[in-house]
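Asks: pasting the sequence and the predicted coordinates here, then a few questions.
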Amino acid sequence: MLNILVIGSNGQLGAEIRSLSHGYPFQFLFTTRKELDISSLENINQYLNAKKVDVIINCAAYTAVDRAETEEEQANLVNHLAVQSIAKAAQSFDIKLIHVSTDYVFEGIAYQPYLEDALTNPKNIYGKSKAAGERAMCNINPDNSLIIRTSWVYSSFGSNFVKTMLKLGRKNDQLKVIDDQIGSPTYARDLAKAILDILPNLNHTGVEIYHYTNEGVCTWYDFAKSIMEFGDIDCNVLPQLTENYPTPAKRPHFSVMSKYKIKEKFNIEIPYWRDALKECILLLKNEDSA
Ligand SMILES: NC(=O)C1=CN([C@@H]2O[C@H](COP(=O)(O)OP(=O)(O)OC[C@H]3O[C@@H](n4cnc5c(N)ncnc54)[C@H](OP(=O)(O)O)[C@@H]3O)[C@@H](O)[C@H]2O)C=CC1
Ligand SMILES: Cc1cn([C@H]2C[C@H](O)[C@@H](COP(=O)(O)OP(=O)(O)O[C@H]3O[C@@H](C)C(=O)[C@@H](O)[C@H]3O)O2)c(=O)[nH]c1=O
């Protein structure tokens, strides 16, 4: 039976993997920052010396996009240097590594979905730190390893845009939301399932990059409108230009990513973003009324 170590298991993706784990014939080890702080190679090596691990799924990251603009060192430590350490450890212990990255590695000036080998050129510190993590992992190149880029992730666990909009929508009559940044939302549960479904089938040398988001595209404004619709919230969402909604970090205007590679290689079907969103909000409503 495969022994799978899920690092960062208190985050959105990590928590979804944990909640799906019972349906899979694998042995799981889940660590939070308390059990395994990835900011030191020594911690990682010590942990891997003590446990038998076949696959690492790295769900840990520094994800505070605006805060990263003033905490560059911290973002770089977790999203770049720690990934380098995990990749080195994966190579020396002969472990498959599944690492997760982001659409924010792209500049966002494309006019068609980004392919996996498209040039990266991040606009903000978070994106730069994630791109540096990707490069470090590719340089070390542990066998049977994946980088899965995803985008606009939400879940019933943790904090995210969906929960923020539900909260703000219940408190305000109207909200201004950016309508000139285009991307694809991703329900962390769908991504978690895809990762668990494909991991027994990894059989290649070095690192491969794949993209996974829910199907379809939208703006943050469209996303917010759908959140109000499925949340039964009477809040007027007003479209807003990026230039009229200043934030510390710049974000790409277009970060839609092509998913044909992962669909064809692993023969998976990906849910449409509105169907996935409806499912997550239904779960949140049931939790509220429980
Ligand atoms: N959220 C999003 O919209 C998107 C996320 N991604 C990527 O997907 C992956 C999963 O993201 P998501 O689940 O949303 O992230 P979350 O922010 O929900 O969770 C990240 C987890 O990483 C943990 N962590 C941070 N630093 C360390 C450390 N030094 N050692 C151990 N654990 C640490 C955090 O622990 P603690 O709670 O203690 O801080 C937290 O539990 C990440 O790689 C992210 O970059 C990609 C695209 C979109
Ligand atoms: C709260 C709010 C945000 N916005 C805008 C700001 C921003 O452009 C967009 C999303 O804002 P957020 O700060 O919630 O999301 P952000 O932190 O940019 O989300 C990103 O997180 C990282 C981790 C990723 O990897 C990305 O894929 C992406 O999901 O919505 C509004 O227009 N109105 C609002 O009321």
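Replies: The structure has been received and is ready for your questions. Just so it is clear, the model here is predicted, and its values are computed rather than measured. Ligands and ions are numbered 1, 2, ... in the order given.
Asks: show the residue spans covered by the strands in the stretch 1-150 of the chain.
Replies: 3-7, 27-31, 55-58, 96-102, 145-150 (DSSP state E, counting those that start in this stretch).
Asks: these: which one's closest to ligand 2?
Replies: Closest approach to ligand 2 among the strands of the stretch 1-150 of the chain (Cβ to the nearest ligand atom): strand 96-102, 3.5 Å. Heads up, the C-betas are built off the backbone N, CA and C, glycines and all.
Asks: how much space between Phe157 and Asn286?
Replies: 14 Å (Cβ to Cβ, to the nearest Å).
Asks: check contacts around the residue of the chain found nearest ligand 1.
Replies: Of all residues in the chain, Gly11 sits closest to ligand 1, at 2.1 Å by Cβ to the nearest ligand atom. Gly11 is in contact with 59-61, 63, 157-158, counting by Cβ atoms under 8 Å, 6 or more residues apart in numbering.
Asks: which of these come close to ligand 2?
Replies: Thr63 (Cβ under 6 Å from any ligand atom).
Asks: for the nearest residue to Ile125 once chain neighbours are set aside, grab the count of nearby residues.
Replies: Excluding its sequence neighbours, the residue lying closest to Ile125 (Cβ to Cβ, 6 or more residues apart in numbering) is Ala68, at 4.3 Å. Neighbourhood size, Ala68 [other Cβ atoms under 10 Å]: 25.
Asks: residues in contact with Ala68?
Replies: Ala68 neighbours (Cβ under 8 Å, 6+ apart): 62, 74-75, 124-126, 129, 249.
Asks: let me see the ranges of the helices in the stretch 101-250 of the chain.
Replies: Applying DSSP state H, counting those that start in this stretch to the stretch 101-250 of the chain gives helices spanning 125-140, 161-171, 188-198, 220-230.
Asks: tabulate those helices (CSV), appending mean pLDDT, distance to Val153 and mean neighbour count.
Replies: Output for the helices of the stretch 101-250 of the chain, formatted as CSV (pLDDT from 0 to 100; distance: least, Cβ to Cβ, whole Å; neighbours: other Cβ atoms under 10 Å):
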stretch, mean pLDDT, distance to Val153, mean neighbour count
helix 125-140, 98, 13, 23
helix 161-171, 97, 9, 17
helix 188-198, 97, 5, 22
helix 220-230, 98, 12, 21
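Asks: could the ones you listed be laid out in TSV, adding distance to Asn267?
Replies: Formatted as TSV, those follow (distance: least, Cβ to Cβ, whole Å):
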stretch	distance to Asn267
helix 125-140	25
helix 161-171	29
helix 188-198	9
helix 220-230	28
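Asks: for Thr150, which of those helices is the nearest?
Replies: helix 188-198 (5.6 Å; Cβ to Cβ).
Asks: okay, Phe157 and Asn286: which has more neighbours?
Replies: Per other Cβ under 10 Å, whichever of Phe157 and Asn286 has more neighbours is Phe157, with 18 against 10.
Asks: what sits closest to that one if chain neighbours are left out?
Replies: Distances taken as Cβ to Cβ, 6+ apart place Ala15 nearest to Phe157, at 3.7 Å, with adjacent residues excluded.
Asks: which residues touch that neighbour?
Replies: Per Cβ under 8 Å, 6+ apart, neighbours of Ala15: 9, 155, 157-158, 188.
Asks: and it, how far is that from Ala87?
Replies: 24 Å.
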